[in-house]
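K.L.:
Need the 3D shape of this:
(chains A and B)
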Amino acid sequence: MKTRVSSTLLVASLFSATTLFSAATHADSLTAVSFGGAYGATQQKHMLDPFMEATGHEILFENYSGGIAELKAQVESGNILWDVIDVEVIDLERACSEGLLEPFPMDTLPPGDDGTPAMEDFSEEALANECGVGNIVWTVLFAYNNDTIGSGKPMSVADLFDTEKFPGKRALRKRPQVNMEWALLADGVAKDEVYALLETDEGQQRALDKLASIKDDIIWFDSWSQAPQLLNDGGAVMVQSANGRIFDAIQSEGKPFEMVWDGHLYDLDVWAVVKGTKKKALAEEFVRFATGSKPLSGMPDIAYGPTRQSSYAYVDPEIIPKLPSSHLDEGLKASGVFWADYGESLGEKFNEWLLE
Amino acid sequence: MPAHLSIKEIADSQAQLRRKKLVLFAFTLPLLLFVMLAFVAPIATMLYRSVYHPTVAQLIPQTLKQMQGWETQSNTLPDNDSLVTFALELKSLAAERRSGKLAEEINRVFPGASSLIKSTARKLKRLDEQEIISSQGTILLDSHKKWHNPALWRAIASAGEVWTSRYYLTALDLQLSPEGDIESRDTRIYLKLYWKSLRIALLITLLTAVLAFPLSYFLANASSAKANTLLVFVLLPFWTSLLVRTTSWIALLQTNGVVNSTLKVLGIIDQPLELLYTEFATVISMTHILLPFMVLPLYSVMKNIDPSYFRAALSLGAKPLPAFAKIYFPMTLPGLSAGALLVFIISIGYYITPALVGGTDGQMISNIIAFHMQSSNNWELAAALGSLLLVLILALYWLYDRMVGVNNIKLG
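P.N.:
Residues are numbered from 1 along each chain as shown, chains lettered A, B, ... in the order given. This next block holds a predicted model:
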């Protein structure tokens, strides 16, 4: 907030020089921010490049690693360097209600290429938050390596927790998200009761107890890039991973990996406009363009599902069964609302449990 | 020549001296400014942020004023006027799209309050002000059963305090009970992590010292051509990117990595050892990364030790070992102190290497500070944790000064 003179004073003074520069150099260009890697490259190819070609505007493409810390710092200091940003829905709820993003005029979204009005073309979840327009459906699932798994194939989340049937290390990302949900699913809780149960102390304890039953067999990692590597080098026989990374390892490197769709936690990414940007109109124009039928249809290159129904007309039919959007029934929608409420307190509890 | 300077001469020379000092000061001005901006100001802001927290007080000033009369310890709700005022303020916050800010702040004290406040705010936004006033607070209470919980209202009052010790208490695994007493928290992690960071940092300091001492001794006594060549090998990793060095440790230590496959081929082990994602991995890779910080000061101090002292001790009849311990070693202490201090202070706050190779065991306090900066967005708690780390380091520095003496440090 502007009124927080004390804390903004420093940041403002530190950044004042940068502001002068950015005002001079970014005058007729847009700064878009996303997650880089294969995903960023796909967005560059199907969204940014075509937009630059069609409109003549220039887009600077930067990377960040998610979360809202950097966004918060920019908006609070009043020094906005980013104009449009790719946000995970799990963060979107918080970013939007804290006033870090501009509400998007959803009624200006163009119809799909087949003429379907935008409101019907997009999946309901893609437009659920007033600040962002859904861009991809991605998911967290677990995968195993055919070469190291031994006899039998893991079919469900319960198998992930069954070290007798499937001995060996499991690699999970070191955070409560996904792991707490999986623990309850493996313990026999129904999908639609998971989040309600996790709100209670008993539910949280039950999830941690279930995780404790395989604690000695868990390898914890911090970055998604470690997942395919652990599966490849034999560090783990099963890994938790963003689906795109496993897909990429299978598709372009021919790895003998197998994805298990049971209990996968899917989520969306959206394009959103940063609060207070000087190029709001241009940023909105970009979002409208990037979430059009054709640009979205390029996202399955890395196995992320488009959020528009009309995009599927352009997608290779062989890829479609490998997209999260074809497996929604087997999965569970990650709850941004739940994690906004309990992310911090469960994060502490989870870390305490890790240190036990 | 006159024996005494005249008054004018004294004044002149003093003026000249002042001018000289001013010029010297002007030379250091850019650095001073830089240090103020890049070092003092951020730390001051951080310290300030960990105790001064006016956000909630700015968002709902009227409610907090109304609630002053409320007995926080009693198991009742605040009076109806407070409820109505809160509902009205929440309504206007929702209209300004600032209710999420309030929700996050209250949620920090009362997990689960975030969605409650946001959904209530959405409901209130649609209502008429008169309706809220005439309802006498029932609109609020009817919207969700959690509003009947006095603990929630205590949380609002507590979050509304402008000056707060809450974050420091949390950072020490403590909390305030409803009665205002300090008690230990249900979740206890931070003290354990401080202790662990301290232990790992000390271990790394010890290991670098043990490794660097013979190496520096050899370098200092070798011919200069040989010493220079070897020094390049010390410096080469120093010039390589930190990430590259950490990643190469991953390649070495992973399950089917270089170390494990070598041991397997040699027939020493059947099953690969678990090396990566352990405390061992953190310690060994950080020891490697920080080794130059120990070698360089040790080497430059040893280089300047006159070998004749040692020879004199021997020729006066001392045995080599006592001569080394009593004559040579004390002279290397300034370099050893400098290196140890550098390595210790760098390693206690180290972040990226433990995050990449440490798994669970190798987690340090810096990793949890990063969690509160990036994921939970609790910058105030991160500031309190960081400040305590600073206090810890200053306390150790003080202790060190008492025991070894800071004047005894030498980088060359």
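K.L.:
okay, CA-based contacts and neighbour counts for the rest of this
P.N.:
OK.
K.L.:
next SSE after the host helix or strand of B:Ala201?
P.N.:
Element membership for B:Ala201 (DSSP states H and E) is helix B:190-221. Downstream of helix B:190-221, the next assigned helix or strand under DSSP H and E is helix B:224-239.
K.L.:
Contacts made by that following helix with the rest, please.
P.N.:
B:Leu219, B:Ala220, B:Arg245, B:Ile289, B:Pro292, B:Val295 (CA atoms under 8 Å, 6 or more residues apart in numbering or on different chains).
K.L.:
One more: stretch A:179-189?
P.N.:
A:157-159, A:161, A:172-173, A:191, A:194-195, A:198, A:203-204, A:206-208, A:210-211, A:263.
K.L.:
which parts of it are buried?
P.N.:
A:Asn179, A:Met180, A:Glu181, A:Trp182, A:Ala183, A:Leu184, A:Leu185, A:Ala186, A:Asp187 (16 or more other CA atoms under 10 Å in any protein chain shown).
K.L.:
what bridges to the most centrally placed residue in chain A?
P.N.:
Central residue of chain A (CA atoms, centre = their mean): A:Glu88, 4.3 Å from the mean position. Listed by DSSP bridges, the beta-bridge partners for A:Glu88 are A:Asp269.
K.L.:
list the helices and strands the helix holding B:Ala201 packs on?
P.N.:
Judged by 3 or more CA pairs under 8 Å, 6 or more residues apart in numbering or on different chains; DSSP states H and E, the packing partners of helix B:190-221 are helix B:224-239, helix B:279-303, helix B:329-348, helix B:365-374.
K.L.:
and that helix, what's its mean pLDDT?
P.N.:
Helix B:190-221 shows a mean pLDDT of 94.
K.L.:
From what I see, A:Phe51 and A:Arg288 are in contact.
P.N.:
No - counting by CA atoms under 8 Å, A:Phe51 does not reach A:Arg288; the two are 10.3 Å apart.
K.L.:
who's more crowded, those two?
P.N.:
A:Phe51 (21 against 18; other CA atoms under 10 Å in any protein chain shown).
K.L.:
okay, now the domains of chain B?
P.N.:
Under the assignment automatic domain parsing, the domains of chain B span B:55-159, B:190-408.
K.L.:
So which of the ones you listed is nearest A:Asp269?
P.N.:
Closest of these to A:Asp269 is domain B:190-408, at 16.9 Å (criterion: CA to CA).
K.L.:
got the end-to-end distance for that closest one?
P.N.:
Domain B:190-408 has an end-to-end distance of 34 Å (CA to CA, to the nearest Å).
K.L.:
how much distance is there from that domain to the middle of the chain?
P.N.:
18 Å (CA atoms, centre = their mean, to the nearest Å).
K.L.:
and the residue nearest to the centre of chain A, what does it touch?
P.N.:
A:Glu88 neighbours (CA under 8 Å, 6+ apart): A:Gly66, A:Asp267, A:Leu268, A:Asp269, A:Val270.
K.L.:
at 10 Å what do you get?
P.N.:
A:34, A:66-68, A:132, A:134-136, A:138, A:267-271, A:336 (CA atoms under 10 Å, 6 or more residues apart in numbering or on different chains).
K.L.:
Was I right to think A:Glu352 contacts B:Ile189?
P.N.:
Yes - judged on CA atoms under 10 Å, A:Glu352 makes contact with B:Ile189 at a distance of 5.1 Å.
K.L.:
Who has more neighbours out of the two?
P.N.:
Comparing A:Glu352 with B:Ile189 by other CA under 10 Å, the one with more neighbours is B:Ile189, at 24 against 16.
K.L.:
Over to the more buried one: give its phi and psi.
P.N.:
Main-chain dihedrals, B:Ile189, degrees, to the nearest 10: phi -130, psi -30.
K.L.:
next one: A:Gly234
P.N.:
phi 90, psi 10.
K.L.:
before we move on, back to that, restricted to buried residues, select the contacts of stretch A:179-189 in ChimeraX.
P.N.:
Typed into ChimeraX, the next command selects the buried ones out of those (criterion: 16+ other CA under 10 Å):
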select /A:157,158,161,172,173,191,194,195,198,203,204,206,207,208,210,211,263
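K.L.:
Among the contacts of stretch A:179-189, name the ones that also lie close to chain B.
P.N.:
A:Arg173 (CA under 10 Å from any CA of the partner chain).
K.L.:
Can you pull out the low-pLDDT segments for chain B?
P.N.:
Low-confidence segments of chain B (pLDDT under 70): B:1-3, B:410-412.
K.L.:
B:Leu22 - how many residues pack around it?
P.N.:
12.
K.L.:
How about A:Met106?
P.N.:
Neighbours of A:Met106 (other CA under 10 Å): 15.
K.L.:
May I have the residues that are in contact with it?
P.N.:
Per CA under 10 Å, 6+ apart, neighbours of A:Met106: A:Ala118, A:Met119, A:Leu127, A:Glu130, A:Cys131, A:Gly132, A:Val133, A:Arg288.
K.L.:
So which of these sit within strands?
P.N.:
Among the contacts of A:Met106, the members found in strands (DSSP state E) are A:Gly132, A:Val133.
K.L.:
picking up where we left off before, in JSON lines, list the domains of chain B along with mean neighbour count.
P.N.:
Formatted as JSON lines, the domains of chain B follow (neighbours: other CA atoms under 10 Å in any protein chain shown):
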{"stretch": "domain B:55-159", "mean neighbour count": "19"}
{"stretch": "domain B:190-408", "mean neighbour count": "18"}
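K.L.:
That'll do, ta.
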